[in-house]
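Can you look at this prediction? I've put the sequence above it.
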Amino acid sequence: MGLAKVQTIAPVPDSSVPLDAIISTRELDRRQARQPEFEALNGALLTLARTLANSPAKILQQLVDTALTLCRAQSAGLSLLEEENGKKIFRWHGVAGEYAAHLWGTTPREFSPCGTVLDTDRLQLMSHLDRHFTYFAQVVPRIAEALLVPFHVDGKAVGTMWVISHNDEIRRFDSEDARVLTTLSEFAAAAWLTLSETLTWKSAFATVKEPLLVLDGDLRVRSASRSFYRTFQLEQDAVEGCLLHELGNGEWDIPELHALLENVLRTEDAAGSLEVTKIFRSLGRRVMSLDVRSLRREESPAARILLSIEDITDLEQAASARDRSVNIDRKLAGATETFEGMIGSGAALKKVMEHVKVVAPTDATVLILGETGTGKELVARALHSLSRRGNRPFVSLNCAAIPSGLLESELFGYERGAFTGAMSQKIGRFEMANNGTLFLDEVGDIPLHLQPKLLRALQEKSFERLGGSRTIPINVRLVAATNRDLLQMMKDKLFRADLYYRLMVFPIVTPALRDRAEDIPALALYFTRKYAARMGHHIDNIPPATMDALVRWSWPGNVRELENFIERSVILSGTNVLHAPIEELRPDVPEDGRRLDDDLERARILRAYREARGVIKAAADSLGLPRTTLSARMKKLGISHSDL
């Protein structure tokens, strides 16, 4: 926590009230928790994910606003650990509620509530904290209760999220608030990594008095100093993310400045300056000295430009117009984007890729949602390869493919003699994935009785093998996936709410192929080349009629169904032209007529059933359908083992 008004106060510990006297974390378990608002938190997480992908500059404030609302607090904030003048401090990068006016305020790292949370590395509830941290006694309104939780990036504590009650007779926090704030803090870690470069700029800008802008290679504003907003009377939403010439309804459309910026972009390590006179509607006539310099990063050809603005309308300001600058610590975050097998360039897939790039470098739990056959495992592998665990094990387990009675031993292993037939010790998937990534596919099929043990392993980062008593510590990044509606399952008491929210830290939704039809030609060409090479065929032509049929088909089995259809087509092709059985396909029709003709559907299912030699699970995978769905359709259409 930090406040501008206390930033100059040198905090001196007051030994009259010890720290233990204000920490009341144990009270959380004693208080009656309010009813969880599942839909509210679920909707908030999805909204935050969209904001992080589309408008990352707004994510920290939105996180704080969300915490304020969901925890029903009177103030909320997000403090980041930084260094200023050789000293560690906490700076507010997002504030809401009663303390909203104190954005960018600071307190010291040592002897502060946030410092205590980082020292203990756990959530803390503090009551009337000004009795120990005496410098808060002058802050109005006073703090009755503060609930604080740390968040980490790559195992390093980088900040805290917190909510405040200014009147403990009106609002007292409980374990439900702790759960909500913990979930939001894990999301904050992903946001911090995405914004780390911008946050460095903003932290530097917080101590700079002159108007500054940071522009990208498209001359779009990436960040601005507070002085810029104050001087030119603009709001953040009308500046960050906008093109320079669009600011102030075109007031910054200055041709000579644009030419200078373009020249700096073309010339590495370039700098330049010019003097312009401009009439602003709110300021009148102003004479400005504009300094432009490249902030090109060594690790990448991508550039940033620092635009420093000095108002020299008054002659006494002109002498130092070109002498001012700000040194900004630049860091290239992220990794090379390698999405093997993720083919396409449509907007829906690009959004998935952006989400992957954002969350991959963190250790946040990811839940991949989407229909069967949409490439959820490919997304999981991309998350692993782009993470710092990329050279460590990637272990996957399809929870639907393992009988429920054996799933516990598959996950956690067992000791010799744990049950009849356990002749030797077995290592489970959690141990196999230690220091790496564990991918649990079809996580919605985990039996209800096993879910508490999975939740405990994720929360405690440890477990015991079946039949064992020794606690085994683990360091595993979990990625889960499902095509089921977990929220509905939770309401139906088929999936635990606490496990749902433990998995729902960062949701990624893989789009159905019908929602990214623009990617079908690229996918069709990719699969054609793949299977032609595998079979020794040379196919370099997909007829327009075939491609048109592929694009118009709704692909209920998604990419998996398309891949299997192309493989079958390659087998049928004897020339360099793809011969696809497009008679099996027809254009999508309105909802009331979308069902396939029974004869056509029976032929399609029967073909897959025979190719799978009577194995229903293999046939279902080939068609891109759940096994239970295929069994029901086979029963309806009268398909049995005798048809083989």
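On my side now, so go ahead. Numbers count the residues shown, from 1 in each chain.

For the rest of this, base every contact and every neighbour count on C-alpha atoms.
Fine.

Make sure Leu48 is actually in contact with Gln61.
No. When contacts are counted by C-alpha atoms under 8 Å, Leu48 is not listed as touching Gln61 (10.5 Å).

When these two are compared, which one has more neighbours?
Remark: of Leu48 and Gln61, Leu48 carries more neighbours, 26 against 17, as counted by other C-alpha atoms under 10 Å.

What residues does that one make contact with?
Contact analysis of Leu48 by C-alpha atoms under 8 Å, 6 or more residues apart in numbering lists Ile59, Gln62, Leu63.

most surrounded residue in the residues you listed?
That'd be Leu63 among those, by other C-alpha under 10 Å, with 27 neighbours.

Just list the residues touching that one, thanks.
For Leu63, counting by C-alpha under 8 Å, 6+ apart, the contacting residues are Leu48, Leu184, Ala188.

please redo it, this time with the cut-off set to 10 Å
44-45, 48, 51, 76-78, 94-96, 161, 181, 184-185, 187-188, 191 (C-alpha atoms under 10 Å, 6 or more residues apart in numbering).

Could you measure from it over to Arg477?
According to C-alpha to C-alpha, to the nearest Å, Leu63 stands 23 Å off from Arg477.

Check Tyr229 too.
41 Å.

Of these two, which one has the most company?
Arg477 (23 against 16).

Low-confidence regions, the stretch 151-300 of the chain specifically.
Within the stretch 151-300 of the chain, the ranges that satisfy pLDDT under 70 run 193-210, 268-271, 295-300.

Please, where are all the strands along it?
Here the stretch 151-300 of the chain has its strands, by DSSP state E, counting those that start in this stretch, at 156-165, 212-215, 221-224, 271-280, 284-294.

Now do the helix or strand following the longest one: which elements does it pack against?
For strand 284-294, the succeeding helix or strand toward the C-terminus, using DSSP states H and E, is strand 305-311. Other helices and strands packing on strand 305-311, by 3 or more C-alpha pairs under 10 Å, 6 or more residues apart in numbering; DSSP states H and E, are strand 212-215, strand 221-224, helix 226-232, helix 255-266, strand 271-280, strand 284-294, helix 315-318.

Please produce JSON lines containing those, extended by distance to Val352.
Conversion of these to JSON lines gives the following (distance: least, C-alpha to C-alpha, whole Å):
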{"stretch": "strand 212-215", "distance to Val352": "26"}
{"stretch": "strand 221-224", "distance to Val352": "22"}
{"stretch": "helix 226-232", "distance to Val352": "33"}
{"stretch": "helix 255-266", "distance to Val352": "30"}
{"stretch": "strand 271-280", "distance to Val352": "37"}
{"stretch": "strand 284-294", "distance to Val352": "32"}
{"stretch": "helix 315-318", "distance to Val352": "50"}
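
Please identify the deepest-packed of the ones you listed.
For the helices and strands packed on strand 305-311, the largest average neighbour count (mean count of other C-alpha atoms under 10 Å) is found in strand 212-215, namely a mean of 24.

Direction included, what does that one pair against?
strand 221-224 (antiparallel), strand 305-311 (antiparallel) (DSSP bridges).

closest to Leu513 out of the ones you listed?
Distance to Leu513, taken as C-alpha to C-alpha, is lowest for strand 221-224 among the strands paired with strand 212-215, at 33.6 Å.

Kindly format the C-alpha coordinates of that closest one as CSV.
The C-alpha coordinates for strand 221-224 follow below in CSV (Å, rounded to 0.1, in the frame of the first residue of the first chain):
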residue,chain,number,x,y,z
VAL,A,221,1.0,6.2,-27.9
ARG,A,222,2.1,3.5,-25.5
SER,A,223,2.4,5.6,-22.4
ALA,A,224,2.2,9.2,-21.2
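
Return the alpha-carbon coordinates of stretch 22-33 using CSV.
Provided in CSV are the C-alpha atoms of stretch 22-33 (Å, rounded to 0.1, in the frame of the first residue of the first chain):
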residue,chain,number,x,y,z
ILE,A,22,-2.9,-5.9,14.4
ILE,A,23,-2.7,-9.1,12.4
SER,A,24,-6.0,-10.9,12.6
THR,A,25,-5.7,-13.4,9.6
ARG,A,26,-7.0,-16.3,11.7
GLU,A,27,-10.3,-14.4,12.1
LEU,A,28,-11.1,-15.2,8.4
ASP,A,29,-11.8,-18.8,9.2
ARG,A,30,-13.8,-17.9,12.3
ARG,A,31,-16.1,-15.5,10.5
GLN,A,32,-19.2,-16.7,8.7
ALA,A,33,-18.3,-16.5,5.0
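
List the buried residues of it.
By neighbour count with 16 or more other C-alpha atoms under 10 Å, stretch 22-33 contains the buried residues Ile22, Ile23, Thr25, Leu28.

since we're on the closest residue in space to the second one that isn't next to it in sequence, how many residues are nearby?
In space, and not counting its chain neighbours, Ile23 is closest to Met126: 4.5 Å by C-alpha to C-alpha, 6 or more residues apart in numbering. Using other C-alpha under 10 Å, Met126 is surrounded by 21 other residues.

cool, Thr471 as well?
11.

Would you confirm that the residue nearest to Ile23 contacts Asp168?
No. Assessed by C-alpha atoms under 10 Å, Met126 is found out of contact with Asp168, at 11.5 Å.

got any residues that touch both of these two?
Common contacts of Met126 and Asp168 (C-alpha under 10 Å, 6+ apart): Ile143, Ala144, Glu145.

That's all I had, so thanks and see you.
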